[in-house]
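J.: Model the following, please.
(2 chains)
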Amino acid sequence: MCGIVGLFLKDKALEPQLGALLTDMLITMTDRGPDSAGIAIYGDKADGRAKLTVQSDQADTVFADLADTLGTAIGSAVKLTRKDTHAVLDVPADKIAEARAALKTVAPDARVMSAGETIEIYKEVGLPKDVAARFDLSKMHGTHGIGHTRMATESAVTTMGAHPFNTGPDQCLVHNGSLSNHNSLRRKLRRDGVHIETQNDTEVGAAYLTWRMQHGATLGEALESSLSDLDGFFTFVVGTEDGFGVVRDPIACKPAVMAETDQYVAFGSEYRALVNLPGIEDARVWEPEPATVYFWKH
Amino acid sequence: MQTFDLAADGLRTLNATLHAQAETTNQTTWEIINPKGSHAIAVGLDAPIEVNVKGSTGYYCAGMNKQATVHVHGSAGPGVAENMMSGTVIVEGDASQYAGATGHGGTLIIKGNASSRCGISMKGIDIIVHGNIGHMSAFMAQSGNLVVCGDAGDALGDSLYEARLFVRGSVKSLGADCIEKEMRPEHLEILAELLERGGCDAKPEEFKRYGSARQLYNFKPDNAY
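T.: Numbering: from 1, shown residues only, chains lettered A, B, ... in the order given. Down below sits the predicted model:
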């Protein structure tokens, strides 16, 4: 069992409240996943800049002079904004790959949570309310976001096993369910040069989508093919720079509820996660169909 | 009428209060406000009372119901009226997966659509759905009636026993050993009563009947010990 929440805003007036709304939804899903929690939030975009969100268990030492050392390594100014065990590194957009590569040398104890122009991913082990408080999630603003509460079944309870997983620039994946062919698929993807860090099943799902897109598939196509290539139970919610999508496996035993109004499209593992959203009483509420890809874009 | 605010007084108090109602209670009508998708609302009731839930419910609303009428003025989460014994459960909106699962008796009326596995392993319950039902509905259904005024999803009635399935619209696919059967006068009569009970605006003649072909292993006497 896990909990998923997602909120895609159509009404710009709600953007300052995105973090607060998502935090409330996330905490409501605590009893579906008390092990760990995470959130991907799509916020400000600055022309020519990109963001690397990194995490470290030795944040005090690792982040102390990271902006300077990374800036020297890539030959550009880097701005670091720290939040608890995470830090957002603001780098020139055309140097994001270089910065990511340089991190391995200048900060080997820092782990990249996300990379992209607008995405920031924060995730840690602990109760959702504690994780939300550590990162001050309720104060964040943005256009859309996805959150996950984890009850681990397939691998250890660790930061790297928490969701969301960054699948490509500004893309992320969260998962409720369990994949049963993740070991064979991991071997296959690794042979193809795909980097997979943990024994986690969802990371393989995320790597699979990344790999399909590297071979020319669109996100929609990658999600379609996941229906035949991934074996197991899944409700996936994916985030992109300008939208979010939902797909459930053909058996569809992992719950999902959606709500849409003129102001937003919302996703919850249960209706309970949606009850405090503005105007929910008059929203169109429905259960997404099995084996069907849904997508909303700005 | 008794009003119970679930947000203020909590689920355990609610269910304990409803369980305390005896056969002869004079508090026969209850209204539950602020359900907010909570789990296990009005489960295990065993008194001739009417409970109106003013909003949508989460998992297992009205499970194991006996005698009571539970009316959900919203949509219901997974497992509504699961293992019902008698009484009536009405859902004004949609019902999520496995509505009415394993029900032994009583009537479940869903005014909207029901999701996958509706009536799975039903054992005597009557389920009347005004809209559509999802895949794997009435899987291993043993007894009772499932009426669907809309369409049915994939694998309807897989490994069916003696339950009767009536569908007005299309059936995406039939499950193993489920076949269309002749609609005889006695079936039209049964269906007419069910449609009236469910408040459906539909005629029995518009429906097709599906049932078990009785060809699976367990139907062969030679396989009996």
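J.: can you tell me the residue of chain B closest to chain A?
T.: residue B:37 (3.4 Å; C-beta to the nearest C-beta). To be clear about C-beta, it is placed using only N, CA and C from the backbone, and glycine gets the same treatment.
J.: how about the strands in the stretch 101-250 of chain A?
T.: For the stretch 101-250 of chain A, the strands defined by DSSP state E, counting those that start in this stretch occupy A:111-116, A:119-125, A:144-150, A:165-168, A:171-179, A:232-240, A:243-248.
J.: Quick one, which of those strands gets closest to chain B.
T.: Nearest to chain B among the strands of the stretch 101-250 of chain A is strand A:243-248; the distance by C-beta to the nearest C-beta comes to 10.0 Å.
J.: Contact distance from chain A - what residues of chain B qualify?
T.: For chain B, the residues in contact with chain A (C-beta under 8 Å from any C-beta of the partner chain) are B:36-38, B:56, B:58-59, B:75, B:77-78, B:93-94, B:96-97, B:115-116, B:134-135.
J.: got the residues of chain A near chain B?
T.: Neighbours of chain B within chain A, by C-beta under 8 Å from any C-beta: A:250-253, A:255, A:257, A:270-275, A:285-287, A:290.
J.: mind running it again at 6 Å?
T.: Contact residues (C-beta under 6 Å from any C-beta of the partner chain) of chain A with chain B: A:252, A:270, A:271, A:272, A:275, A:287.
J.: Surely the last one touches residue B:115?
T.: So that's residue A:287. Yes: at 5.3 Å, residue A:287 and residue B:115 qualify as touching, with contact defined as C-beta atoms under 6 Å.
J.: so what's in contact with these two at the same time?
T.: Common neighbours of residue A:287 and residue B:115, using C-beta atoms under 6 Å, 6 or more residues apart in numbering or on different chains, are residue B:96.
J.: So which residues of chain B form strands?
T.: Taking DSSP state E, the strands of chain B run over residues B:2-5, B:29-33, B:50-53, B:69-72, B:88-91, B:107-110, B:123-129, B:143-148, B:164-167, B:178-181, B:208-212.
J.: List the contacts of the residue of chain B closest to chain A.
T.: For residue B:37, counting by C-beta under 6 Å, 6+ apart, the contacting residues are A:270, A:271, A:272, A:275, B:56, B:58.
J.: Tally up the residues packed near the nearest residue to residue A:19 once chain neighbours are set aside, please.
T.: Leaving out its chain neighbours, the residue that sits closest to residue A:19 by C-beta to C-beta, 6 or more residues apart in numbering or on different chains is residue A:140, at 3.3 Å. Neighbours of residue A:140 under the rule other C-beta atoms under 10 Å in any protein chain shown: 22.
J.: Let me know the distance separating residue A:140 from residue A:266.
T.: Going from residue A:140 to residue A:266 by C-beta to C-beta, to the nearest Å gives 17 Å.
J.: now do residue B:132
T.: Using C-beta to C-beta, one obtains 23 Å as the distance from residue B:132 to residue A:266.
J.: If you average pLDDT over each of the strands of the stretch 101-250 of chain A, which is lowest?
T.: When the strands of the stretch 101-250 of chain A are compared on average pLDDT, strand A:165-168 comes out lowest at a mean of 89.
J.: now residue B:136: how far from residue A:292?
T.: Residue B:136 is 16 Å from residue A:292, where distance means C-beta to C-beta.
J.: The two: which is more packed in?
T.: residue B:136 (25 against 14).
J.: Per-residue confidence, the more buried one, what does it come out as?
T.: What the model reports as pLDDT for residue B:136 is 98.
J.: Need the winner for burial among the strands of the stretch 101-250 of chain A.
T.: Counting by mean count of other C-beta atoms under 10 Å in any protein chain shown, strand A:144-150 has the highest mean neighbour count of the strands of the stretch 101-250 of chain A, with a mean of 30.
J.: quick one: strands adjacent to that one?
T.: Using DSSP bridges, strand A:144-150 pairs in its sheet with strand A:2-9 (antiparallel), strand A:36-42 (antiparallel).
J.: Let's see that strand as PDB, backbone CA atoms only.
T.: Below are the C-alpha coordinates for strand A:144-150, written out as PDB (Å, rounded to 0.1, in the frame of the first residue of the first chain):
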ATOM      1  CA  HIS A 144       1.500  21.600 -10.200                       C
ATOM      2  CA  GLY A 145       2.900  18.900  -7.900                       C
ATOM      3  CA  ILE A 146       2.900  15.300  -7.000                       C
ATOM      4  CA  GLY A 147       3.300  13.700  -3.600                       C
ATOM      5  CA  HIS A 148       3.700  10.100  -2.300                       C
ATOM      6  CA  THR A 149       3.500   8.400   1.000                       C
ATOM      7  CA  ARG A 150       5.300   5.100   1.100                       C
END
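J.: Mind checking the pLDDT average for stretch B:169-189?
T.: For stretch B:169-189, mean pLDDT is 98.
J.: Output the strands of chain B in CSV; the columns should cover distance to residue A:177 and mean neighbour count.
T.: As requested, the strands of chain B are arranged in CSV below (distance: least, C-beta to C-beta, whole Å; neighbours: other C-beta atoms under 10 Å in any protein chain shown):
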stretch, distance to residue A:177, mean neighbour count
strand B:2-5, 35, 14
strand B:29-33, 32, 18
strand B:50-53, 29, 22
strand B:69-72, 27, 25
strand B:88-91, 26, 26
strand B:107-110, 26, 28
strand B:123-129, 27, 26
strand B:143-148, 28, 24
strand B:164-167, 29, 26
strand B:178-181, 28, 16
strand B:208-212, 31, 20
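J.: Fine, thanks again, bye for now.
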